[in-house]
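*Asks:* here are the coordinates; sequence isn't available:
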């Protein structure tokens, strides 16, 4: 009986630990190339680039790495456009971030890695979206497409608003979610956690 109780306590503790959202991954842990570009940036840049990234649930980061995801830094123009701060390549799960630009505001620097990670979350979890989640992202896209140039399709809407979701720490309760549809981001993060749990 004593062993049974001990086993139950251990199982309950493991379940609790798996369901608690852990944070604090650092961009440098995922850099596969471009270390020299990143290392040349001032300390203020490195702090800024990790400010929002560290709020992303660890389960998302672990799933990204488990699926082969990597971050690459460059100081060159991306896709021929000076104002593009990052790109996500679906097939390779690669995030490329531009470290230097006169056009980068601190907000753009902070949001770029999270925005690109939002593409990974969307592409990874979207096939498992419930009807409600699909309706939520469709509504967010339809509401914003006429005034928010970041929201020109559902994928970009998800990534752009996911970076806002992280910036304002809606999951952590620092601010109230602007609309009920923002629940789609928390639910997608939860799907990442479930996918990670299934692969163990």
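*Replies:* Yep, that arrived. The shown structure was predicted, so the numbers you read here are calculated from the model rather than taken from an experiment.

*Asks:* In this structure residue 162 contacts residue 116, no?
*Replies:* No. No contact is recorded between residue 162 and residue 116 when judged using CB atoms under 8 Å, the distance being 9.9 Å. The C-beta positions use only the backbone N, C-alpha and C, and glycine is treated the same way.

*Asks:* More neighbours: these two, which one.
*Replies:* residue 162 (26 against 23; other CB atoms under 10 Å).

*Asks:* Contact partners for that one?
*Replies:* Contacts were defined as CB atoms under 8 Å, 6 or more residues apart in numbering; by that measure residue 162 touches 114-115, 117-118, 121-122, 185, 188.

*Asks:* Stretch 47-61: which residues count as buried?
*Replies:* Within stretch 47-61, the residues that count as buried by 16 or more other CB atoms under 10 Å are 48-61.

*Asks:* so which of those comes closest to residue 152?
*Replies:* residue 52 (22.2 Å; CB to CB).

*Asks:* so who does the closest one touch?
*Replies:* When contacts are counted by CB under 8 Å, 6+ apart, residue 52 touches 110-111, 113-114, 163, 166-167.

*Asks:* can you tell me how far it sits from residue 195?
*Replies:* The gap separating residue 52 from residue 195 is 23 Å, by CB to CB, to the nearest Å.

*Asks:* before we move on, what about residue 144?
*Replies:* Using CB to CB, residue 144 is found at 28 Å from residue 195.

*Asks:* Could you pull out the strands in this structure for me?
*Replies:* If you assign secondary structure with DSSP state E, the strands in the chain sit at 31-33, 70-74, 86-89, 94-98.

*Asks:* Minimum distance to residue 130: which of those has it?
*Replies:* Shortest separation from residue 130 across those is recorded for strand 86-89, at 23.7 Å, computed as CB to CB.
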